[in-house]
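Peer 1: Below is the sequence, then the predicted model.
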Amino acid sequence: MVPALVVLADGTSFTGEALGHEGKTTGEAVFNTSMSGYQEILTDPSYRGQLVTMTMPHIGNYGVNAYDVESDRIQVAGLIVRQASRVASSWRAIATLHEYLVDGRVSAITGVDTRALTRHLRDGGAQMGAIVHGATLSDIPSIVEMIRATPDYGSIDYVAAVSTPTKKKVRLVATPDPYCPWVVTLLDEHTPWTDEEAALPEVAVIDFGVKHSILRYLTLQRLRVTLWPHTTTAEEILASGATSVMLSNGPGDPALMGNAVATTRALLGKMPMFGICLGHQIIGRALGGTTFKLKFGHRGPNQPVMFEAERRVQITSQNHGYAVLIEPGADVQISHRNLNDGTCEGLLSDRLRVMSVQHHPEAGPGPHDALVEFDHFRRWVAKAQ
């Protein structure tokens with residue numbers, strides 16, 4: 001096995017062995033508390049630019065398959081695990097985790113004391129770091145210099161790298177897999193709709209790094225879904241014939257999304273609007289709130305959230321490093337709160353027909369307690385017809 005290191009910007013280091021594509025990579029070091037679902041995590045565009053530490057000690061035992069993906073590629077900057085399985089023990093598997101990372105040209109590391117690393121990030125906060133294959137302890141000073149010369153995570157516009165460059169139409173295709181019976185396919189905007197699709201109300205999804213599961217559940221709600229670039233203007237949406245708009249999840253600091261905030265502000269009250277994760281943060285800023293960086297973020301499938309309207313707890317899947325700070329008023333209510341730290345997890349405005357959630361109702365991975373949010377949005381769309 002080739003030796004490897006995880007090194008953080010503060011000089012802390014962890015030894016391990018090389019996994020995946022041979023080389024080195026830098027990014028913001030974060031941790032995720034999921035016990036499974038690593039393929040969905042690897043392909044989630046919201047993780048662009050991040051080194052993801054899995055707190056579950058054994059990762060990769062069921063390999064990877066053709067269907068459990070949230071985009072068309074691995075998006076993480078790197079992966080850190082305690083023990084990577086070299087064997088894929090599942091009838092669905094088409095490759096091992098190592099082979100998947102090699103094919104995606106993503107450098108990773110196994111054999112790391114992920115408990116110690118997670119405690120360090122929990123206590124000190126997320127920070128920039130590096131995974132370097134073939135490195136020894138004597139290389140740490142030069143690696144720290146490399147990390148400190150790397151632009152900070154919050155200064156980079158990752159959305160531009162993960163958003164669709166052109167408008168697309170979304171269609172579901174049936175699969176033979178009973179665990180994932182439908183997959184998303186993106187079609188050229190000039191592809192004609194079927195008669196059945198053409199009769200459905202259209203939702204314009206502004207793509208800041210959308211997960212395929214979001215597109216899947218919107219389509220299963222009997223909506224005609226179009227995917228728009230992150231640079232789309234309010235005028236383009238209003239002229240398109242869409243009857244509702246959704247702002248997707250995505251990576252990076254919402255404070256960099258000034259154009260998206262302006263577009264959102266111009267659309268408020270014009271049609272039903274739904275935001276998830278980064279989309280929620282953009283809506284929060286458009287409604288006059290601010291956003292701030294959490295110490296180590298919420299990443300995992302076990303975050304308890306209070307749905308205020310029904311006084312009901314949802315166990316949610318989350319992946320975000322920023323949160324919304326906003327004062328409730330005549331135009332906006334806080335609809336959900338995180339029960340761990342009290343942060344805003346959702347916004348609602350009946351007058352403006354806006355709803356948003358910080359968590360991921362589509363899960364992927366995670367529990368499906370919050371799938372009801374898609375039902376709520378669909379009812380708003382129906383009222384607008």
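Peer 2: It's in. Numbers count the residues shown, from 1 in each chain.
Peer 1: Which of the helices and strands in this protein ranks last by mean pLDDT?
Peer 2: helix 372-383 (a mean of 93; mean pLDDT, DSSP states H and E).
Peer 1: Need the residues that contact that helix.
Peer 2: By Cβ atoms under 8 Å, 6 or more residues apart in numbering, the surrounding residues in contact with helix 372-383 are 201, 203, 217-218, 221-223, 243-244, 246, 272, 274, 353, 355, 357, 361-362. All C-beta atoms are positioned from the backbone trio N, CA, C, and that covers glycine.
Peer 1: make it 10 Å
Peer 2: 200-203, 214, 217-218, 220-223, 243-244, 246, 271-274, 276, 307, 309-310, 312, 314, 316, 335-336, 346, 348, 350, 353-357, 359-362 (Cβ atoms under 10 Å, 6 or more residues apart in numbering).
Peer 1: Which secondary structure state is assigned to Ser142?
Peer 2: helix (DSSP: H, G, I helix; E, B strand; the rest coil).
Peer 1: got the buried residues for the least confident helix or strand of the chain?
Peer 2: For helix 372-383, the neighbour count (16 or more other Cβ atoms under 10 Å) marks Glu373, Phe374, Phe377, Arg378, Trp380, Val381 as buried.
Peer 1: Now tabulate the residues you listed in a markdown table and tack on distance to Ile326.
Peer 2: What follows is the buried residues of helix 372-383, written out as a markdown table (distance: Cβ to Cβ, whole Å):
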| residue | distance to Ile326 |
| --- | --- |
| Glu373 | 19 |
| Phe374 | 23 |
| Phe377 | 20 |
| Arg378 | 25 |
| Trp380 | 21 |
| Val381 | 25 |
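Peer 1: Could you pull up the contacting residues of Met56?
Peer 2: Asn32, Thr33, Ser34, Met35, Ser36, Gly37, Tyr38, Val81, Arg82, Gln83, Thr114, Gly300.
Peer 1: just Gly104 next, same as before
Peer 2: Taking Cβ under 10 Å, 6+ apart as the test, what Gly104 contacts is Gly20, His21, Leu42, Thr43, Val64, Arg73, Ile74, Gln75, Val76.
Peer 1: Now with 8 Å, please.
Peer 2: Gly20, His21, Leu42, Arg73, Ile74.
Peer 1: Could you report the distance from the spatially most central residue of the chain to Arg285?
Peer 2: In the chain, the centroid-proximal residue (Cα atoms, centre = their mean) is Ser46; its distance is 3.3 Å. Counting by Cβ to Cβ, to the nearest Å, the separation of Ser46 from Arg285 is 17 Å.
Peer 1: residue at max distance from the center of this structure?
Peer 2: Ser138 (35.9 Å).
Peer 1: Can you read off the backbone torsions of it?
Peer 2: phi -70, psi -20 (degrees, to the nearest 10).
Peer 1: confidence score at it?
Peer 2: What the model reports as pLDDT for Ser138 is 97.
Peer 1: residues near the spatially closest residue to Gly134 that is not a sequence neighbour, how many?
Peer 2: Leaving aside its chain neighbours, Gly134 sits nearest to Val2 (5.8 Å; criterion: Cβ to Cβ, 6 or more residues apart in numbering). Neighbourhood size, Val2 [other Cβ atoms under 10 Å]: 10.
Peer 1: Val2: what's it in contact with?
Peer 2: Glu17, Ala18, Glu22, His133, Gly134.
Peer 1: surely the last one meets Gly23?
Peer 2: No: counting by Cβ atoms under 8 Å, no contact exists between Gly134 and Gly23, whose distance comes to 9.0 Å.
Peer 1: ok, Gly124 - contacts?
Peer 2: Asp10.
Peer 1: Could you do the one 3 residues further on as well?
Peer 2: Residues near Gln127 by Cβ under 8 Å, 6+ apart: Leu8, Ala9, Asp10, Glu28, Ala29, Leu121.
Peer 1: Can you report how many residues lie near the last one?
Peer 2: This means Leu121. Neighbours around Leu121, by other Cβ under 10 Å: 22.
Peer 1: Next one, pLDDT for it please.
Peer 2: Value listed for Leu121 in the pLDDT field: 98.
Peer 1: That one sits in which helix or strand?
Peer 2: Assessed by DSSP states H and E, Leu121 sits inside helix 114-124.
Peer 1: buried sites along that helix?
Peer 2: Under the neighbour-count criterion of 16+ other Cβ under 10 Å, helix 114-124 has Thr114, Leu117, Thr118, His120, Leu121 buried.
Peer 1: and if you look at stretch 211-223?
Peer 2: Within stretch 211-223, judged by 16+ other Cβ under 10 Å, the buried ones are Lys211, His212, Ser213, Ile214, Leu215, Arg216, Tyr217, Leu218, Thr219, Gln221, Leu223.
Peer 1: Could I get the average pLDDT for the longest strand along the chain?
Peer 2: What stands out as the longest strand in the chain, according to DSSP state E, is strand 290-307. Taken as a whole, strand 290-307 has an average pLDDT of 97.
Peer 1: Which elements pack onto it?
Peer 2: Helices and strands touching strand 290-307, as assessed by 3 or more Cβ pairs under 8 Å, 6 or more residues apart in numbering; DSSP states H and E, comprise strand 24-32, helix 278-286, strand 312-325, strand 333-338, strand 344-349.
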